[in-house]
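Visitor: sequence and predicted model, in that order:
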Amino acid sequence: MNKTKKLIVSLGITSALLSSNAFSAVFGDYDRTQRNNFSPNNTSYVTTPLKDAHGIKDGYICTDTRLVPGKLVNGYCYVEHNGSGFKNSQYYALETPSFSSGLAFALFDITLSGNVHTGYLDFIREYGVTLGGQDSGDYLYHCFVREGHTKRTAFGKYVPAHNTCYYELHGARSVSPTTGLDDKLAWGEWEVSVVVAPDNSATLPPFTKYSSTVLDYSN
């Protein structure tokens with residue numbers, strides 16, 4: 001398999017386009033693969049239980065070949081792009097951090113921040129995990145959504161400039177609430193997190209938390 005390590009090194013053009021962005025982000029390790037080669041027994045992939053209308057199944061975190069983050073289920077990478085949902089048979093699968101990197105993935109819960117604190121945007125731009133895709137002057141990060149009433153879960157793309165998680169659901173575009181909405185109407189029924197990998201020097205913004213209960217990053 002063709003491993004894509006620290007992709008920002010091989011995508012110097014992307015880095016140049018984002019030269020105005022002072023935040024470094026965390027460029028994860030991704031395995032470039034396709035459905036025919038996909039193995040659910042590959043323990044190097046970050047795995048998580050995802051729930052849809054048919055129940056709970058193993059899921060993975062992926063990015064398509066356009067560098068749009070999404071969810072990997074049954075060998076396909078599902079993403080939201082330009083207002084529609086897409087099913088991809090070729091993609092990059094996010095791998096667990098190497099021991100030597102000293103990093104661990106966690107879910108950074110942004111629903112706790114609401115309208116009170118916005119400093120978490122800088123935190124995400126610094127420690128969010130990405131393959132280098134971009135939107136509105138920001139890198140695209142992996143986000144996790146648990147819907148309100150159905151409790152269905154999915155991974156998608158988080159755009160800091162929009163403070164929104166976009167994800168694919170049944171072939172269509174879905175959008176999480178943003179902090180501009182009323183907390184009681186929106187955030188009370190939703191859980192939205194972003195995948196981050198902070199180092200030991202990182203300081204959490206106020207009124208935020210981690211949860212590693214969804215991500216299995218053990219080899």
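Guide: Yep, that arrived.

Visitor: where do the helices of the chain begin and end?
Guide: Counting by DSSP state H, the chain has helices at residues 7-10, 12-17, 120-127.

Visitor: in this protein, which residue is most central in space?
Guide: Residue closest to the mean C-alpha point of the chain, counted by C-alpha atoms, centre = their mean, is residue 142 at 0.9 Å.

Visitor: settle this for me: it is touching residue 158, isn't it.
Guide: Yes: Residue 142 is in contact with residue 158 according to C-beta atoms under 8 Å; the separation is 7.0 Å. Just so you know, the C-beta spots here come from the backbone N, C-alpha and C atoms, and that holds for glycine as well.

Visitor: list residues touching both of those two?
Guide: 69, 128, 194 (C-beta atoms under 8 Å, 6 or more residues apart in numbering).

Visitor: looking at those, which are in strands?
Guide: Per DSSP state E, strands hold the following members of the shared contacts of residue 142 and residue 158: 69, 194.

Visitor: okay if I get the shared contacts of residue 142 and residue 158 as a markdown table plus neighbour count, distance to residue 91 and pLDDT?
Guide: Shown next, in a markdown table, are those (neighbours: other C-beta atoms under 10 Å; distance: C-beta to C-beta, whole Å; pLDDT from 0 to 100):
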| residue | neighbour count | distance to residue 91 | pLDDT |
| --- | --- | --- | --- |
| 69 | 30 | 10 | 96 |
| 128 | 26 | 19 | 94 |
| 194 | 23 | 20 | 90 |
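
Visitor: looking at the shared contacts of residue 142 and residue 158, which is nearest residue 34?
Guide: For the shared contacts of residue 142 and residue 158, the closest approach to residue 34 (C-beta to C-beta) belongs to residue 69, at 17.4 Å.

Visitor: now for the closest one: which residues touch it?
Guide: Contacts of residue 69 by C-beta under 8 Å, 6+ apart are 61-63, 79, 130-131, 133, 140-143, 155-158.

Visitor: tell me how far it lies from residue 158.
Guide: 8 Å (C-beta to C-beta, to the nearest Å).

Visitor: overlap in contacts, these two.
Guide: The contact lists of residue 69 and residue 158 share 140, 141, 142, 143, where a contact means C-beta under 8 Å, 6+ apart.

Visitor: now those residues as JSON lines including distance to residue 33 and pLDDT?
Guide: Converted to JSON lines, the shared contacts of residue 69 and residue 158 look like this (distance: C-beta to C-beta, whole Å; pLDDT from 0 to 100):
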{"residue": "140", "distance to residue 33": "20", "pLDDT": "96"}
{"residue": "141", "distance to residue 33": "21", "pLDDT": "96"}
{"residue": "142", "distance to residue 33": "17", "pLDDT": "95"}
{"residue": "143", "distance to residue 33": "22", "pLDDT": "92"}
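
Visitor: can you tell me which of those residues is closest to residue 204?
Guide: Nearest to residue 204 among these, counting by C-beta to C-beta, is residue 141 at 16.7 Å.

Visitor: bridging residues for that closest one?
Guide: Legend: beta-bridge partners of residue 141 under DSSP bridges are residue 158.
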